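J.: here's a sequence, model it:
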Amino acid sequence: MLPEEVLLGTLNEQYPCRELQIRQLFALYSPYLPSPPAIVVHGLEATGKSSIVKSVLDTSKVPHAIINSRECITGRHLLERTVTSCLDAIDESSEDKVDRRPYSRCENISALAIHLQRLLDGRERFVLVFDGIDRQREAPPTLLPALARFGEIIPNLSIIFIISVPRPRFLHATGVPFINFPAYTKDESIQILSKSPPQIFLEPPEDSPEYTEEQAEEDNAWVWTRFLTAVWDALAKGAARDILSFRAVADKIWRPFVAPIVDGTFGTRDFSRLMVAKRALFQSEDVLLERVVPRTEETTTSAVSKGNYCFLSQFTHDLPYYSKYLLCAAYLASYNPARQDSIYFMKASERKRRKKGGGTAAGRAGRGAKHRKIPRNLLAPSPFPLDRLLAIFHAIVPHSITPTADIYTQITTLSSIRLLVRAGPAGSDVLDPGCKWRVNFGWDYVATLGRSVGFEIAEYLAGGAE
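T.: You can find the predicted model right below:
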């Protein structure tokens, strides 16, 4: 077996910025020293807890079994998975195979204790690791305290609990060692991700045949490190603090960021000019959103550089043209008083339309504002009849509606996707004129929906919007 310092050096090189935690685990599970009955390894997600614990146990050559609690549906499933994992680990570490028939059932924690006593009787030290045990489904409240006592009942057994945030005295025991894995800092995250920089040039540049692989690796590391610093300062420190999210955000915008280098617009050392040219990538928070269908670079560039409505329409449903106007009309019918419809929607008296907030500008100047009114879009939506919806719809559409447009079918479709909900009895007809409706979306959605067809709904909303 290699000396201890050599093993520690190998683990520290494999898991940087975790020297203290590796040394603590290696001291507790050294092949030459006894181990505690139970320890708790805790820390936030993506801090290296599970990987480091597994690597330390593998390096120490200690027989062990790791049970991922997220894969166990019930408490009994966890117990049976524990017995199966212990059998597999013992079969792997010894030449003699264990007869599995007596261990086919494990219905409660007492049966698990009996099975483990029988399995580990006369064997060397064994470590049982419960990964994510604090998120176990349908776990009885006595599960963790009972498992923590197993090391006292079975002398050659040690338990490791890997959890996110430990509750006070959740094991109901004293003297249990706790090893904390703090979240990676900015410098630590950049140091870890800098060890595997992606390539700038997927293919060698044709105009520079003397560009060697050593130069390419040096340029990759130089640009990638500075790029990670910019990503952290702009996006990751507020919305992607764990190292996995940080890497995911950096990978998303890496290719658009180095595109000017690939096409020859900038050199590999023109980082400041590259940051100015690609600052829109760091100003937009779209990379923080996970999508099933990824957006192309062309769509991202046009959304940032052009002030059109194509980008806005991506945040709404892919609805037909008239359905968007129907939703705008429904929102106005829900939030505008019916008595003011003639003011906002009569095209013959458009020049007399009052300003937002009700009343003319001269009339408001003479009155003292005793009470500040709440904007109507912050209140609950009011029900409205179908005929009022259609009247507002015909008033706000900027052109005459073609007779082929099946408006009623589109209303039914909007009801089926729950954008419009009925406020009357559940058994009434969907298209009954007496049936009342209510919108099932908010101001941000309808404002974006209106702008996608060039309709500013705030100009028609009584009292304005905030």
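J.: any idea which element residue 66 lies in?
T.: With elements taken from DSSP states H and E, the one containing residue 66 is strand 64-68.
J.: quick one: contacts of that strand?
T.: For strand 64-68, contacts defined as C-beta atoms under 8 Å, 6 or more residues apart in numbering pick out 50, 53-54, 57, 78, 81-82, 85-86, 88-89, 126-132. (C-beta placed from N, C-alpha, C; glycine too.)
J.: try it again at 10 Å.
T.: The contact list for strand 64-68 (C-beta atoms under 10 Å, 6 or more residues apart in numbering) reads 29, 50, 53-54, 56-58, 78-79, 81-90, 92-93, 125-133, 136, 158, 160, 162.
J.: count of neighbours near the nearest residue to residue 37 once chain neighbours are set aside?
T.: Nearest residue to residue 37 in three dimensions, chain neighbours excluded: residue 151, at 2.3 Å (C-beta to C-beta, 6 or more residues apart in numbering). Residue crowding around residue 151 was assessed by other C-beta atoms under 10 Å; the count is 21.
J.: so residue 151 makes contact with residue 171?
T.: No: proximity of residue 151 to residue 171 does not meet the contact threshold set by C-beta atoms under 10 Å, at 11.1 Å.
J.: which residues do these two both contact?
T.: Among the neighbours of residue 151, those also in contact with residue 171 (C-beta under 10 Å, 6+ apart) are 38, 159.
J.: tell me which element residue 272 falls in.
T.: helix 271-277.
J.: which residues does the residue nearest to residue 37 contact?
T.: Applying C-beta under 10 Å, 6+ apart, one finds that residue 151 lies in contact with 35, 36, 37, 38, 39, 127, 128, 157, 158, 159, 173, 176.
J.: which pair in these spans the largest distance?
T.: Checking those against each other with C-beta to C-beta, the farthest-apart pair comes out as 127 and 173, at 17.9 Å.
J.: who's more crowded, the two?
T.: When neighbours are counted by other C-beta under 10 Å, residue 127 and residue 173 differ, and residue 127 comes out ahead with 24 against 15.
J.: can you tell me the SS state at the more buried one?
T.: Under the three-state scheme (DSSP: H, G, I helix; E, B strand; the rest coil), residue 127 adopts strand.
J.: which stretches in the stretch 201-350 of the chain count as strands?
T.: Defined through DSSP state E, counting those that start in this stretch, the strands belonging to the stretch 201-350 of the chain form an empty list.
J.: before we move on, what SS does the residue nearest to residue 16 when sequence neighbours are not counted have?
T.: Of all residues beyond its chain neighbours, the one nearest residue 16 is residue 192 (5.7 Å), with distances taken as C-beta to C-beta, 6+ apart. Assigned with three-state DSSP, residue 192 falls in the helix class.
J.: distance of residue 192 relative to residue 205?
T.: Computed with C-beta to C-beta, to the nearest Å, the distance linking residue 192 and residue 205 is 29 Å.
J.: and those two? which has more neighbours close in?
T.: Set residue 192 next to residue 205 and count neighbours by other C-beta under 10 Å: residue 192 wins out with 19 against 13.
J.: pretty sure that one sits against residue 184.
T.: Yes: taking C-beta under 10 Å as the contact criterion, residue 192 and residue 184 are neighbours in contact, 6.8 Å apart.
J.: shared neighbours, those two?
T.: Between them, residue 192 and residue 184 share the neighbouring residues 16, 17, 18, 48, 243, 246, with contact defined by C-beta under 10 Å, 6+ apart.
J.: is it true that the last one touches residue 228?
T.: Yes: in terms of C-beta under 10 Å, residue 246 counts as a neighbour of residue 228; the distance is 7.9 Å.
J.: give me the common contacts of the two.
T.: Taking C-beta under 10 Å, 6+ apart as the contact criterion, the residues that touch both residue 246 and residue 228 are 186, 189, 190, 192, 193, 236.
J.: let me have these in CSV, extended by distance to residue 390 and pLDDT.
T.: Rendered in CSV, the data for the shared contacts of residue 246 and residue 228 read as follows (distance: C-beta to C-beta, whole Å; pLDDT from 0 to 100):
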residue, distance to residue 390, pLDDT
186, 57, 92
189, 57, 94
190, 59, 94
192, 60, 95
193, 57, 94
236, 49, 81
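J.: pull out the buried residues from those.
T.: Buried positions within those, assessed by neighbour count (16 or more other C-beta atoms under 10 Å), are 189, 190, 192, 193, 236.
J.: which of the residues you listed sit farthest apart?
T.: Among these, the pair separated by the greatest distance (C-beta to C-beta) is 192 and 236, at 12.9 Å.
J.: overlap in contacts of these two?
T.: Contact criterion C-beta under 10 Å, 6+ apart; residues bridging residue 192 and residue 236 by contacting each: 228, 243, 246, 247.
J.: contact partners for the third one?
T.: I take that to be residue 246. Applying C-beta under 10 Å, 6+ apart, the residues contacting residue 246 are 46, 184, 186, 189-190, 192-193, 228, 231-232, 235-237, 239-240.
J.: domain parsing for the chain?
T.: As given by automatic domain parsing, the domain ranges for the chain are 4-181, 186-205+213-306, 315-361+373-460.
J.: tell me the mean pLDDT for the last one?
T.: Summarised as a single mean, pLDDT over domain 315-361+373-460 is 78.
J.: start at 42 instead
T.: Okay, using 42 as the starting number, the last item reads as domain 356-402+414-501.
J.: elements contacting whatever helix or strand residue 492 lives in?
T.: Remark: residue 492 resides in helix 484-493, with elements defined by DSSP H and E. Identification of packing neighbours for helix 484-493 by 3 or more C-beta pairs under 10 Å, 6 or more residues apart in numbering; DSSP states H and E yields helix 362-376.
J.: buried ones in the helix it packs on, by neighbour count?
T.: Of the residues in helix 362-376, 363-376 count as buried by neighbour count, 16+ other C-beta under 10 Å.
J.: and if you look at stretch 491-500?
T.: Those would be 491, 493, 494, 496, 498, for stretch 491-500 by 16+ other C-beta under 10 Å.
J.: the first one against residue 371, yeah?
T.: No: assessed by C-beta under 10 Å, residue 491 is found out of contact with residue 371, at 11.8 Å.
J.: any common contacting residues for those two?
T.: In the contact map built from C-beta under 10 Å, 6+ apart, no residue is linked to both residue 491 and residue 371.
J.: what's the span of stretch 439-448, first residue to last?
T.: For stretch 439-448, the first-to-last residue distance is 16 Å (C-alpha to C-alpha, to the nearest Å).
J.: tell me which strands the strand holding residue 107 pairs with, and in which orientation.
T.: Strands flanking strand 105-109 in the sheet, each with its direction: strand 167-172 (parallel) (DSSP bridges).
J.: gap between residue 368 and residue 44?
T.: Computed with C-beta to C-beta, the distance linking residue 368 and residue 44 is 71 Å.
J.: and the nearest residue to residue 275 once chain neighbours are set aside, what pLDDT?
T.: The spatially closest residue to residue 275, leaving aside those adjacent along the chain, is residue 323, at 3.8 Å (C-beta to C-beta, 6+ apart). In this model, residue 323 is scored at 88, pLDDT.
J.: doesn't residue 272 make contact with residue 323?
T.: Yes: judged on C-beta under 10 Å, residue 323 makes contact with residue 272 at a distance of 7.2 Å.
J.: need the residues touching each of those two.
T.: Overlap between the contact sets of residue 323 and residue 272, as judged by C-beta under 10 Å, 6+ apart, is given by 294, 298.
J.: sweet, I'm off.
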